[in-house]
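In: model the following, please.
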Amino acid sequence: WVAADLGSGILHWSVDNYGNGRTPVMGNIIAAFQGHHSAPWTITYRGFCNNVWKLCIPFGLPTVAAISFVAGPENPMVSLFFSFFCFSEIMSQELHKWSHMTKKETPAIVNTLQDLGITIGRVPHAQHHMAPYDGNYCIVSGFCNEALDNSGFFRWMEHRIYEINGVESNAMKLDPELRAKTLRGEYRLTQ
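Out: Have a look, this model is predicted:
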């Protein structure tokens with residue numbers, strides 16, 4: 001659950017900040033995540049299959065089968081861990097959708113899971129939907145968001161990527177002050 005939350009945050013950060021709809025393999029996912037910022041409510045109109053299918057590309061059965069094959073039959077716990085991890089990554093998009101819906105629009109169990117912090121809640125996720133969309137990326141439960149944002153993990157990653165290939169994150173492009181702080185090595189987000 002924690003690993004899945006972390007994984008959802010890393011995926012969300014990467015597709016929010018790098019690439020576009022023409023990027024090979026991940027282009028559809030990138031376009032959906034980046035477009036979501038301009039019209040976040042549209043996610044609530046999607047049916048389950050339409051909402052989660054794009055994440056089946058990187059996290060579906062072929063990935064789980066390949067990991068299980070590499071791990072071998074003597075390591076069933078590895079297969080179990082990655083099965084749960086990949087399932088959670090796929091479901092993260094539905095959990096994310098629920099964080100955009102009102103309490104009246106979601107089943108009671110969803111509201112309970114959000115209230116307990118087991119799945120991403122409305123208020124914690126709403127913090128991500130403020131330009132430059134520079135934090136609160138984890139969408140399984142949001143458990144990892146505070147540690148990642150306070151440590152400056154994503155700004156540090158953006159700085160490394162910029163040093164390697166000169167590509168700025170979309171968050172840096174949207175906020176010149178954030179760009180300057182990141183390039184000075186001031187990574188921690190201030191809320």
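In: alpha carbons only for contacts and neighbour counts from here, please
Out: Will do.
In: only the buried residues of stretch 118-137, if you could.
Out: Buried positions in stretch 118-137, judged by neighbour count with 16 or more other CA atoms under 10 Å: 119-122, 124-125, 128-129, 132-137.
In: pull the most distant pair out of these.
Out: By the measure CA to CA, Thr119 and Pro132 form the most distant pair in the buried residues of stretch 118-137, at 23.8 Å.
In: okay, and which of the buried residues of stretch 118-137 map to helices?
Out: Per DSSP state H, helices hold the following members of the buried residues of stretch 118-137: Arg122, Pro124, His125.
In: so which of the residues you listed comes closest to Gly7?
Out: His125 (15.9 Å).
In: is it true that the closest one touches Phe143?
Out: No - assessed by CA atoms under 8 Å, His125 is found out of contact with Phe143, at 11.1 Å.
In: any residues in contact with both of these two?
Out: Shared contacts of His125 and Phe143 (CA atoms under 8 Å, 6 or more residues apart in numbering): none.
In: what stretches of this protein score poorly on pLDDT?
Out: For the chain, the stretches with pLDDT under 70 are 191.
In: show me which helix runs longest in it.
Out: helix 76-98.
In: who are the packing partners of that one?
Out: helix 2-17, helix 48-52, helix 56-59, helix 61-71 (3 or more CA pairs under 8 Å, 6 or more residues apart in numbering; DSSP states H and E).
In: buried residues in the third one?
Out: The neighbour-count check on helix 56-59 (16+ other CA under 10 Å) flags Cys56, Pro58, Phe59 as buried.
In: what sits up against that helix?
Out: Contacts of helix 56-59 (CA under 8 Å, 6+ apart): Cys86, Phe87, Glu89, Ile90.
In: do that again at 6 Å, thanks
Out: Residues outside helix 56-59 that contact it (CA atoms under 6 Å, 6 or more residues apart in numbering): Cys86.
In: same question for stretch 131-147.
Out: 5, 8-9, 12-13, 92, 96, 118-120, 128, 171, 174.
In: mind doing that once more with 8 Å?
Out: Contacts of stretch 131-147 (CA under 8 Å, 6+ apart): 1-2, 4-10, 12-13, 88-89, 91-93, 95-96, 117-121, 124-125, 127-128, 149, 154, 170-172, 174-175, 189.
In: and it, end to end?
Out: End-to-end distance of stretch 131-147: 20 Å, with CA to CA, to the nearest Å as the criterion.
In: got the contact list for Ala31?
Out: Asn20, Gly21.
In: right, I'll call it a day here.
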